[in-house]
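J.: need coordinates for the below:
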Amino acid sequence: MTTARPNEGLSRAQFKTLSLAALGGALEFYDFVIFVFFATTMGALFFPPDMPEWLRLVQTFGIFAAGYLARPLGGIVMAHFGDMHGRKRMFMLSILLMAIPTLLMGLLPTYAQVGVLAPLLLLLLRIMQGAAIGGEAPGAWVFVTEHVSSRHRNLACGSLSAGLCAGILIGSLVARTLNTALDPEQMLAWGWRLPFLLGGVFGLVAMYLRRLLHETPVFTEMQARRALSTELPLKNVLRAHRGAVVLTMLLTWLLTAAVVVTLLMIPTFLQQLGVDRGMALSANTLAITATVIGNLVIGWLADRFGAGRVLAMCSAVLGVSFWMFYSGTQAGGFSPGLYVLAGFSVGLTALVPAIAVSGFPAAVRFSGLSFSYNVAYAIAGGLTPILLSLAIKDNPAAPMYYIAAMAVLGVGLGLFVQLRGTRGENA
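T.: Down below sits the predicted model:
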């Protein structure tokens, strides 16, 4: 084993692994989320022009959500082979499966050119992206945690989550840049294609970076000892680790709400509340930057004070800050500072995989995390954009109430984890 002993810090090799994994994750996650930053534009291009705006938004977010619904299948298949044949191989495959459909999205014909075929093709490519990301996030978290000791598990997951959130930040910056440089006519004519074509290039860069990584010491040792799972890994998970599955699903629900609502959907909601598009995107960029920093800081804190305790605290801060921010915006008092605080609290996403990974033994870790995470994300992440888009039609405060409920869930989960003492299990 080459992982550090409990009383040691990260070695240079481990730091390099975390950095490369985070950077590659950022470039791949950009490919997955860039769609949402151009939701309004994509709705105008891929649906009939006489469709009501609220219905067009619902259908556009529906295509976005299809990516989440496709996650379980891709995640389960890749996790199976990751547990049986190696983490790195699946780590490489996921980026290829993401880059190709992203590139093709930038080449799609629009509704004006091919009619109803346009949204159908967009839906197909979005499903392909979902299958790829289904293996990416769980595989990446397993990969980084198996390169460090349990003492640094939260920080390792925090660095990877920071990378994934950096992908959202890159998407926000690209959207802001294009909306500043191009007028609406140029954006509709050809500008919308650029972020997807850029995503294809990012995918190739990420694939190159991952060639520099090595298989995890944990898997290498299991392979040498012939300690790999002798039965279908998922069967083992469902038979022997149901408690860990339920806990991971609940944690994933919290993560989904924090990321999808607070970071991805808010720019669109803010514009519906009367906030200028440029101001909404600028504030979103600041909030995502805070999330990137928050993942690292919160992961570091959790390694010292316990993941459960820190999760409860961050959930409470998220609920209060988001409530004050959203209610203030509704009243005409838009406060980017409160949004940044909420964004920093979204850094609790560092703790979700760290806690979840500790619940599964190494032989079925990838499958356990992937199944639990992707099924929960498919349900919560798939339904949230659609249901909230419908809910705000009658109740503009719906996002605020939803995040408040999720904050309560997060506090409860944090207290449960702290009392149970899950930090460090199955290291």
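J.: can you get me a residue count around Glu53?
T.: Per other CB atoms under 10 Å, the neighbour tally for Glu53 reads 11. Every residue, glycine included, has its C-beta placed from N, CA and C.
J.: one more: Gly243?
T.: The number of residues packed near Gly243 is 10, by other CB under 10 Å.
J.: I'd say Ala244 and Ser372 touch.
T.: Yes. Using CB atoms under 8 Å, Ala244 is in contact with Ser372, at 7.3 Å.
J.: anything in contact with each of these two?
T.: Common contacts of Ala244 and Ser372 (CB atoms under 8 Å, 6 or more residues apart in numbering): Ala356.
J.: which one of those two has more residues nearby?
T.: Higher neighbour count among Ala244 and Ser372: Ser372, with 28 against 23, using other CB under 10 Å.
J.: give me the element that one is part of.
T.: Per DSSP states H and E: Ser372 is located in helix 365-394.
J.: and that helix, what's buried?
T.: 365-382, 384-386, 388-390, 392 (16 or more other CB atoms under 10 Å).
J.: next structured bit after that helix?
T.: With DSSP H and E, the next secondary element past helix 365-394 is helix 398-420.
J.: relative to helix 365-394, how tilted is that following helix?
T.: 150 degrees (axes from the mean of the first three to the mean of the last three CA atoms, to 10 degrees).
J.: which helices and strands does helix 398-420 pack with?
T.: Packing contacts for helix 398-420, counted by 3 or more CB pairs under 8 Å, 6 or more residues apart in numbering; DSSP states H and E, involve helix 242-256, helix 307-330, helix 365-394.
J.: let me have these in CSV, extended by distance to Gln186.
T.: CSV is the format used below for the helices and strands packed on helix 398-420 (distance: least, CB to CB, whole Å):
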stretch, distance to Gln186
helix 242-256, 34
helix 307-330, 30
helix 365-394, 27
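J.: quick check: which of those helices is nearest to Ala342?
T.: With CB to CB as the criterion, Ala342 lies closest to helix 307-330 of these, at 4.3 Å.
J.: and the angle for that closest one with helix 398-420?
T.: 170 degrees.
J.: roughly how far is the helix or strand following helix 307-330 from the heart of the chain?
T.: With elements assigned by DSSP H and E, the helix or strand that comes after helix 307-330 is helix 336-345. A distance of 18 Å separates the centroid of the chain from that of helix 336-345, by CA atoms, centre = their mean, to the nearest Å.
J.: check stretch 239-255 too.
T.: For stretch 239-255, the distance to the chain centre is 17 Å (CA atoms, centre = their mean).
J.: over to stretch 162-171?
T.: On CA atoms, centre = their mean, the centre of stretch 162-171 falls 9 Å from the chain's centre.
J.: what do you get for stretch 13-24?
T.: Distance, centroid of stretch 13-24 to centroid of chain: 18 Å (CA atoms, centre = their mean).
J.: contacting residues around that stretch?
T.: Stretch 13-24 is contacted by residues 2-4, 10, 95, 140, 143-144, 147-148, 152, 156, 159-160, 162-164, 166, 206, 209-210, 212-214 when judged by CB under 8 Å, 6+ apart.
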